[in-house]
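> Turn this into a model:
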Amino acid sequence: MASRLNPRGWAKGMLLKGLRAFEDIASVRPGAQGVVRWIDSSMAGWGAADADPPWTREQAQAGWTEKDPVENPGVFHVPMADVCMFKPRDDGARNTQDRRAAVRVQPFRRIAYPGAPYLLAQRVRGIVSKRYPFPRTGAHLHGRVALLGNEVSDACNYYHFWIDTVGDFLMLREAFPPDLQPERFLISYSGQPWQEQILDMIGIMPHQVIPYADYERVTVDELLVPVRDKGAMNMTSGLVDRIRGAAGHPSVGSNPDRLLYISRGDTTRRPVRNEADVQALMHRHGIEVKELSGMAVIEQMALFASARLVVATHGAGLTNLMWCEEGTKVIELLPDRHRVPCFRDICRQRKLEHQVILCPQTPAEDALSASMEVSLQDLEAVLMAHGFRVPVPISAAG
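Below you'll find the predicted structure:
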């Protein structure tokens, strides 16, 4: 056992742990007043995440990854904020425009919010790797600017853009009077058409967008930083209805009847190894196979709004469950090493009937990207239990 110990790695780990503990003590936390102003958002109805209801046996067995909810949602108002943008570690699967922001009020004193990078640890890594992550100078942004999203590094993702970025925008719009609204927005933005379409829907103009990746460091006259439940683990209560109201959800009448399988055949992250067999099973049950890449946002919204059944592997496209009608049945093919509950929570808020089938992933690969295998037997059993049987040919029935 002793021969396997890496003293250098152990010492590095202990150093980083100590630096983080020190920085946690020095950080400005939600609710603090003084160098920053803290604005409680609970009066505007932006409280904590939904409490967990009793789960069915199948849901309890899913073994969801969980974290503690934000206890004190609100907004930091930071005068003369100093913002450092950090690139995520290169794992070959992220968008090159992804960043995560740390907000400083003093050298190495940050404001603390979920996902905020540790400044001292970043500096030590920069020195060891001979990179200096804090440029000596940066641009200055005049006026009042809001930092949207910023819970995770890969916020150029469709799910995080809707839930984190749009959610923060709506929080500020409801919590602040018109004369205190931000003039511009720092956004994890890569210029993808679907991002432009979403921003247009909710009323953010192109000239108001400041992409994270445009700067390594900026100072801001006034910075607004929303703090609430974001990311994939907890969802702010009532968020789905707020997003539907802001985006203008599509209406397809009172009787959605399409049966859909949303394929991830158009992505390299968490591919289904037996995708062809899954699609063949879908066809036998009369279920349409769809891929979402290249589809306009309004088309994705209308597609999900027309569904009576959605079968899909876990992925950002399932954010469109927000547009489904109440009572729609959802079968989520969930990677067994990536059990995040974000789409379960959307289903809960939309009153959809949600069920999961755990799918084993390749053990040697990273859980975020590892391929997965769908049990055709389990999938067919769930379809049959919900009444989606294989259509009987007319000749056989007669």
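> For the stretch 1-150 of the chain, which segments count as strands?
Secondary structure of the stretch 1-150 of the chain (DSSP state E, counting those that start in this stretch): strands at 37-40, 74-86, 100-106, 109-110, 139-147.
> So in that sheet, which strands flank the third one, and in what orientation?
If I follow you right, that is strand 100-106. When pairs are called by DSSP bridges, strand 100-106 turns out to pair with strand 74-86 (antiparallel), strand 109-110 (antiparallel).
> so which of the ones you listed comes closest to I204?
Closest approach to I204 among the strands paired with strand 100-106 is made by strand 74-86 (17.4 Å; Cβ to Cβ). All C-beta spots, glycine's among them, are computed from the backbone N, C-alpha and C.
> Report the buried residues of the closest one.
Neighbour counts using 16 or more other Cβ atoms under 10 Å place G74, V75, F76, H77, V78, A81, D82, V83, C84, M85, F86 of strand 74-86 among the buried residues.
> Then stretch 12-31?
Of all the residues in stretch 12-31, those buried under the rule 16+ other Cβ under 10 Å are L19, E23, S27, V28, P30.
> Could you dump those into a markdown table with pLDDT added?
Formatted as a markdown table, the buried residues of stretch 12-31 follow (pLDDT from 0 to 100):
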| residue | pLDDT |
| --- | --- |
| L19 | 79 |
| E23 | 81 |
| S27 | 83 |
| V28 | 84 |
| P30 | 83 |
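> give the contact list for the spatially most central residue of the chain.
A centroid search over the chain (Cα atoms, centre = their mean) returns H160, at 3.1 Å, as the residue closest to the centre. Residues near H160 by Cβ atoms under 8 Å, 6 or more residues apart in numbering: G149, E151, V152, D154, S188, K230, G231, A316.
> switch the cut-off to 10 Å
Contact partners of H160, counting by Cβ atoms under 10 Å, 6 or more residues apart in numbering, are 98, 149-154, 166-167, 188, 230-232, 316, 319, 342.
> And the helices in the stretch 101-250 of the chain, which stretches?
Applying DSSP state H, counting those that start in this stretch to the stretch 101-250 of the chain gives helices spanning 119-128, 158-160, 167-175, 193-202, 239-247.
> chain center to the shortest one: distance?
The gap between the average C-alpha position of helix 158-160 and the chain average comes to 5 Å, counting by Cα atoms, centre = their mean, to the nearest Å.
> Settle this for me: E183 is touching I204, isn't it.
No: counting by Cβ atoms under 10 Å, E183 does not reach I204; the two are 11.3 Å apart.
> of the two, who's got more company?
Shown here are E183 and I204; by other Cβ atoms under 10 Å, I204 has more neighbours (21 against 14).
> Look at the more buried one and report its pLDDT.
Here the pLDDT value assigned to I204 is 97.
> which residues sit in contact with it?
By Cβ under 10 Å, 6+ apart, the contact list for I204 reads L148, T165, V166, F169, P182, R184, F185, I187, Y189, E196, I198.
> Check the residues you listed and tell me the two furthest apart.
Farthest pair in the contacts of I204 (Cβ to Cβ) is P182 and E196. Separation: 19.2 Å.
> and stretch 354-365, how far apart are its ends?
Using Cα to Cα, to the nearest Å, the end-to-end distance of stretch 354-365 comes out at 28 Å.
> what comes up buried for that stretch?
Using 16+ other Cβ under 10 Å as the test for burial, stretch 354-365 gives H354, Q355, V356, I357, L358, C359, Q361.
> list the helices and strands the biggest helix by length in the chain packs on?
Ranked by number of residues, the top helix in the chain under DSSP state H is helix 7-26. If you count contacts as 3 or more Cβ pairs under 10 Å, 6 or more residues apart in numbering; DSSP states H and E, helix 7-26 packs onto strand 109-110, helix 119-128.
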